[in-house]
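Enquirer: quick one, structure for this:
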Amino acid sequence: MTRTLADLSKKMRDIDFTMLSTSSSGGAIAARPMSNNREVDYAGESWFFTQDDTRMVTDIAAHPRIGLSYQGNLGLLGMRPFFLHVEGDAELIRDKTLFADHWTKGLERWWPEGIDTPGLILIKVLGERVHYWDGEEEGELVIPPR
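Expert: I've put the predicted structure just below:
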């Protein structure tokens, strides 16, 4: 059975974190956890806040091609394991209007000053291809350009 992007979006809502992978200037691949926040319907775009002085931001500025890896349940209690990987390009955004559009209350844990936090930056990931493994099923979707 081929999954649709809407099918995958429903499953992604149950996943709290993703691993965002970048390529460093030396060619190494670095990954770090980012909040999926469960409050969005995935339609090919992902949004993450971070500080502008991180290695992740430096990596993205030099090499915007990134990967997002998601891991759902692991087959516990008879449920089928679910894994998903998104390939895409990241963009670094410093526009406070967009900050406000994507801000959620839970982010205040890391940035108590909200969208006015010095050095705050928003990462927009435009997914191009999604690979998924849902139990014994696996597939790939190409996300149409937006």
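
Enquirer: longest single strand anywhere in this structure?
Expert: If you go by DSSP state E, the chain has its longest strand at strand 120-134.

Enquirer: elements contacting the helix or strand that that strand is followed by?
Expert: Downstream of strand 120-134, the next assigned helix or strand under DSSP states H and E is strand 137-142. Applying 3 or more CB pairs under 8 Å, 6 or more residues apart in numbering; DSSP states H and E, one finds that strand 137-142 contacts strand 120-134. Where C-beta positions appear, they are placed from N, C-alpha and C, glycine not excepted.

Enquirer: mind listing what's buried along the strand it packs on?
Expert: Residues of strand 120-134 classed as buried by neighbour count (16 or more other CB atoms under 10 Å): 120-128, 130, 132-134.

Enquirer: just to revisit the earlier point, the longest strand of the chain vs strand 137-142, what angle?
Expert: 140 degrees (axes from the mean of the first three to the mean of the last three CA atoms, to 10 degrees).
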